[in-house]
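A.B. asks: Curious how this folds, go ahead:
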Amino acid sequence: MATEATVNAAKGREERWRDEASFFDGWAEASGDQDLPIEAVTFRRYAGPGLRRRFNKEFRFRLMGDLRGKQMLDVGCGDGYNAVMFARMGAIVTGIDVSPKAIERARRRAEVNGVSERCRFVAAPIETADLPAGSFDLVWADAILHHVLDELDLVLQRLAFWTKPEGLLVFGEPVNLAPALRRLRLMIPVETDATPDERPLVRSEVDLIRRYVPDLRRRHYSLFGRLDRFILVNFNYEKSSLLRRMIVNGLGLLDYVLLSLPGLRRLGGNCVMYGHPVPAPRAQGRTA
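C.D. replies: Take a look at the predicted model:
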């Protein structure tokens with residue numbers, strides 16, 4: 001018989017799923033069919049040979065290398081923007097997201113970009129998704145873990161379960177490793193599209209990731225890069241002027257140097273974390 005605590009936990013989990021799905025369903029419906037094609041300038045930035053370590057997302061693409069023929073899992077894929085880019089680069093992609101409307105838009109995006117045959121999209125919470133064990137060469141999670149903090153242990157367990165033993169997990173997450181800096185940030189009235197329960201990862205949660213990715217490595221970003229939102233047009237690098245891009249390039253290089261220093265790393269507001277899954281009994285992945 002289920003205990004009251006177990007029942008309450010299940011209710012809380014289902015409520016979180018509904019809230020997250022509702023939030024992103026609304027966002028997907030408001031977006032409609034606009035901007036579904038991947039712009040050539042954006043594709044060239046991430047598919048080209050000159051990927052720069054000083055930029056968070058370019059660094060993650062650099063880590064993954066040649067995607068041709070790779071089995072990829074895009075966790076929290078949203079409207080499929082990254083998943084479709086991966087597929088255009090030759091990967092075979094499974095995208096999963098809690099929002100059915102976002103998944104519908106992801107499928108339309110794959111069709112518009114001519115990669116439907118290399119994309120599969122699943123509308124389900126990570127905690128209950130039924131995906132094959134040890135089947136992915138690469139697992140990509142872009143700002144997803146900080147949405148599932150109440151279930152972080154289970155989510156990480158399942159991601160490790162789905163990854164091949166030699167596969168690579170790549171996370172890009174907001175982090176709070178300098179509480180005083182975080183308090184200062186909260187005093188600044190900057191509007192964000194955040195869901196009610198999300199927050200940056202703290203040190204104990206980074207340590208939890210290491211339990212499932214024992215060789216975890218980290219590269220920190222966004223010290224002065226926090227200013228990018230005020231410099232770029234609609235926070236879009238490719239669509240901004242040369243001068244604005246040059247300023248952001250300079251800030252990115254400054255951050256790269258400063259956040260490479262051990263005493264300053266914790267000041268970064270975002271972190272790329274990557275490594276290989278811990279060997280674990282495959283039965284663990286069935287837990288929900």
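A.B. asks: Now do the SS call for residue 227.
C.D. replies: Three-state call for residue 227 (DSSP: H, G, I helix; E, B strand; the rest coil): helix.
A.B. asks: Excluding chain neighbours, give the residue nearest to the residue nearest the centre of the chain in space.
C.D. replies: Central residue of the chain (C-alpha atoms, centre = their mean): residue 142, 0.8 Å from the mean position. In space, and not counting its chain neighbours, residue 142 is closest to residue 172: 5.2 Å by C-beta to C-beta, 6 or more residues apart in numbering. Quick note: C-beta positions are derived from backbone N, CA and C, even for glycine.
A.B. asks: if we can go back for a sec, for residue 153, see how far away the residue nearest to the centre of the chain is.
C.D. replies: 20 Å (C-beta to C-beta, to the nearest Å).
A.B. asks: And the helices in the protein, which stretches?
C.D. replies: 4-31, 40-47, 56-64, 81-88, 100-112, 152-162, 179-186, 203-212, 228-231, 242-258 (DSSP state H).
A.B. asks: Now render these as a markdown table, adding mean pLDDT.
C.D. replies: Listed next are these as a markdown table, based on pLDDT from 0 to 100:
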| stretch | mean pLDDT |
| --- | --- |
| helix 4-31 | 73 |
| helix 40-47 | 94 |
| helix 56-64 | 97 |
| helix 81-88 | 98 |
| helix 100-112 | 96 |
| helix 152-162 | 96 |
| helix 179-186 | 62 |
| helix 203-212 | 96 |
| helix 228-231 | 94 |
| helix 242-258 | 97 |
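A.B. asks: Tell me which of the ones you listed sits most buried.
C.D. replies: helix 81-88 (a mean of 24; mean count of other C-beta atoms under 10 Å).
A.B. asks: Which other helices and strands does it contact?
C.D. replies: helix 40-47, strand 71-75, strand 92-97, helix 100-112, strand 119-123, strand 136-142 (3 or more C-beta pairs under 8 Å, 6 or more residues apart in numbering; DSSP states H and E).
A.B. asks: Nearest to residue 227, out of the ones you listed?
C.D. replies: helix 40-47 (20.4 Å; C-beta to C-beta).
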